[in-house]
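> Give me the fold of what follows.
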Amino acid sequence: MSLVHNIFNTSLGRKYLMALSGAGLFGFVIMHMLGNLTIFAGPAAINIYAAKLHSMGPLLWVARIGLIAMVGIHIWTAIKLNSENKQARKIKYEGSIDPVDKHRKNDIVSRYAARTMIYSGLIISAFAFYHLAHYTWKVPQINGTDSDFETFYVYEQDMGNEQVAFVTALPKGIGKEGENAVDVYKMVTTGFGVWWVSIFYFISVGLLCTHLSHGLSAMLQSLGIKTKKTEKLINRFAITTGWILFIGYCSVPLSVLFKFIE
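Model (predicted):
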């Protein structure tokens, strides 16, 4: 019990919680990107991926609840640690004989970075909510088209011979015997065909990848992996990872906008 108390009620414990929840969310972001990229293998590939994902039933809900918990823990620890840092800086400033010292420049930089992480995190949270409403909850009023994504299904009787492999690969009971599978390919190409939706996506993903890049570096520092000796290598790794994720995520809406996939 004291261990749990120390984890949630000490700065060090909260740093570890933030790092570990961030690592979990980072893993989700990578897996989600890889799933998105199946669209380049054609409609059948991404529709099979989505159908198999949704056929997990209770396991999918366990994963969703775990993801929500990680998001909640990450936001809570970020707010608490940011508040503690502000208080610590205030005490340090008030106790200093000369507030304008050699550390002031670094302090300003760290404050700016902390504020940026908090604000970008809030914008990313708002984007995640919109993204869920757009493609998961399929709210028609926000998709920017006259289409209702709830009607986008792939029916067995509508499939040509070239899609036999798609039907065979679907989880049992989906796409067979009168059942249907969600046409994720059509949803994605229709949704990202709206220019302002894609622009919002680019901006939000840019913030997400910047956030992840800084977060990855901070997480490795919290875990003791980032040291003075490894700092340059870790920073390069974090920046490169951020760019790879940005390119991977943005490749889908860009391909839709430029009609590479339609």
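> Contact partners for the nearest residue to Leu207 once chain neighbours are set aside?
Computed as Cβ to Cβ, 6 or more residues apart in numbering, the closest residue to Leu207 that is not its neighbour in sequence is Ser120, at 4.6 Å. All C-beta atoms are positioned from the backbone trio N, CA, C, and that covers glycine. Shown in contact with Ser120 (Cβ atoms under 8 Å, 6 or more residues apart in numbering): 207-208, 210-211.
> same question, Val194
143-145.
> from those, which would you call buried?
143-144 (16 or more other Cβ atoms under 10 Å).
> With pLDDT, distance to Ile79 and secondary structure as added columns, please give the contacts of Val194 in CSV.
Listed next are those as CSV, based on pLDDT from 0 to 100; distance: Cβ to Cβ, whole Å; DSSP: H, G, I helix; E, B strand; the rest coil:
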residue, pLDDT, distance to Ile79, secondary structure
Asn143, 86, 32, coil
Gly144, 87, 33, coil
Thr145, 89, 37, coil
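> Is it correct that the residue nearest to Leu207 falls within a strand?
No: applying DSSP: H, G, I helix; E, B strand; the rest coil, one finds Ser120 to be helix, outside a strand.
> Let's see the pLDDT reported for it.
pLDDT recorded at Ser120 is 75.
> What separation is there between it and Gly206?
Distance check for Ser120 against Gly206: by Cβ to Cβ, to the nearest Å, it reads 9 Å.
> could you say what helices and strands the longest helix anywhere in the chain packs with?
If you go by DSSP state H, the chain has its longest helix at helix 58-95. When contacts are defined as 3 or more Cβ pairs under 8 Å, 6 or more residues apart in numbering; DSSP states H and E, helix 58-95 packs onto helix 11-36, helix 104-131.
> Please name every helix or strand in contact with the shortest one.
In this structure, helix 11-36 packs against helix 2-9, helix 43-54, helix 58-95, helix 195-222, helix 231-257, with contacts taken as 3+ Cβ pairs under 8 Å, 6+ apart.
> for Tyr153, phi and psi?
Dihedral pair for Tyr153: phi -130, psi 160, per degrees, to the nearest 10.
> hang on, isn't it packed against Lys186?
No: using Cβ atoms under 8 Å, Tyr153 is not in contact with Lys186, being 9.0 Å away.
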